[in-house]
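Undergrad: got a predicted model here, sequence first, then my questions.
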Amino acid sequence: MTPRAFFAKALPAAYAAEHVWPEYAACEAALESGWGTSRLAREANNLFGQKRGFTTKNQPTISIPTRELLDGKWVIVPAEWACFATWEDSFAARRKLLRRKPAYASALAAKDGEAFVREVSKVWATDPGRAEKVLAIWRQHLAATSGPPERKAV
């Protein structure tokens, strides 16, 4: 999926789900889902790599191995991932998870999208370069073409 096609689908879904900093969340989803081409995105509409957990316990699941950074080494581990009916559902579940976990309080309190990405990335993924990768997507694809980013209520 091209970046243009990805954002044409992801941005309306992020806004409809009332995700915090929806444009930045769409950039996170682009990174996490390989621009919507990952198996998890294609087969489960799971854009953020949400594993089965409390906020997704009633969702169907799909088993797909994942790559995690553990003890400084990238390893392949088994994982159960939540399946969603739509991309909007994926953004909504992500929003719900951020609100539920105290570890994301600083991300939700961020005064701008960049701070949100930096704070959420500290907890969301094991990749230490995640925040910079997401912000590079923002700068390349959305910063010059979009209006001022909006902060949606959480």
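TA: Received it, and whenever you're ready, just let me know what you need. Numbers count the residues shown, from 1 in each chain.
Undergrad: ok, now which ones touch the closest residue to Glu28 other than its chain neighbours?
TA: Nearest residue to Glu28 in three dimensions, chain neighbours excluded: Val134, at 5.2 Å (Cβ to Cβ, 6 or more residues apart in numbering). From N, CA and C alone the C-beta is placed, and that goes for glycine too. For Val134, the set of contacting residues under the criterion of Cβ atoms under 8 Å, 6 or more residues apart in numbering consists of Tyr24, Cys27, Glu28, Leu31, Val117, Ser121.
Undergrad: same thing but 7 Å
TA: Shown here is Val134, whose contacts under the criterion Cβ atoms under 7 Å, 6 or more residues apart in numbering are Cys27, Glu28, Leu31, Val117, Ser121.
Undergrad: how about the contacts made by the second one?
TA: Each residue near Glu28 by Cβ under 7 Å, 6+ apart is listed here: Phe48, Val117, Val134.
Undergrad: the host helix or strand of it: how far from the chain's middle?
TA: Assigned by DSSP states H and E, Glu28 belongs to helix 22-33. Computed by Cα atoms, centre = their mean, to the nearest Å, the separation of helix 22-33 from the middle of its chain amounts to 5 Å.
Undergrad: when you give positions from now on, start the count at 607
TA: Let's use 607 as the start, then, which means that last one is helix 628-639.
Undergrad: tell me the helix or strand right after that helix.
TA: Sequence order places helix 645-650 as the next helix or strand after helix 628-639, per DSSP H and E.
Undergrad: give the buried residues for that next one.
TA: Within helix 645-650, the residues that qualify as buried are Leu646, Ala647, Ala650, counting by 16 or more other Cβ atoms under 10 Å.
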